[in-house]
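Chemist: any chance you could fold what I've pasted below:
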Amino acid sequence: MNEENTANDQNGSDKPPVEPLNIFFRLLIPSTVLFVFFTLVWMVSLLGDSPSPVARWFVNNGMWPIGVCFVISIVVGVLALGIDNKHNRTSYAQLEEKLKNSDQQP
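Modeler: Residues are numbered from 1 along each chain as shown. As a prediction, the model looks like this:
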């Protein structure tokens, strides 16, 4: 058994497992970018006296896309952190089990 472990160590194949990608962290970036974008467009629309229909729409209704992006960012952020926390707890439990098993072997 120890010969296999040393062979794996020499070949470099005994690397720690790669964490699976959490899709919610990847969704958090575009939702926060949209939140910042809509907030900046709304502020510029309020400061300027542009007669464009887009500027007038943002002055009257700009809080809706900002609010939607804010809620989406909060929900996606909480899901991302919750899934990451759950994954880390299971990873630590597996690591502790592996360490206990290696300490018990002669």
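Chemist: ranges for the strands of this structure?
Modeler: Secondary structure of the chain (DSSP state E): no strands located.
Chemist: flag the shaky bits of it, pLDDT-wise.
Modeler: 1-20, 86-96, 99, 103-106 (pLDDT under 70).
Chemist: what segments of it are helices?
Modeler: Remark: helices assigned in the chain by DSSP state H are 2-11, 23-47, 53-61, 63-104.
Chemist: out of those, deepest packed?
Modeler: Comparing these by mean neighbour count (mean count of other Cβ atoms under 10 Å), helix 23-47 comes out on top with a mean of 15. No exception for glycine: its C-beta is placed from N, CA and C like everyone else's.
Chemist: quick one: it to helix 53-61, angle?
Modeler: Counting by axes from the mean of the first three to the mean of the last three Cα atoms, to 10 degrees, helix 23-47 points 100 degrees away from the direction of helix 53-61.
Chemist: list the residues that contact T32.
Modeler: Residues near T32 by Cβ atoms under 8 Å, 6 or more residues apart in numbering: C69, S73.
Chemist: quick check: it vs L47, distance?
Modeler: 23 Å (Cβ to Cβ, to the nearest Å).
Chemist: next: V59.
Modeler: Taking Cβ to Cβ, one finds V59 at 10 Å from L47.
Chemist: which non-adjacent residue is nearest V54?
Modeler: Excluding the flanking residues, the one nearest V54 by Cβ to Cβ, 6 or more residues apart in numbering is S45, at 7.8 Å.
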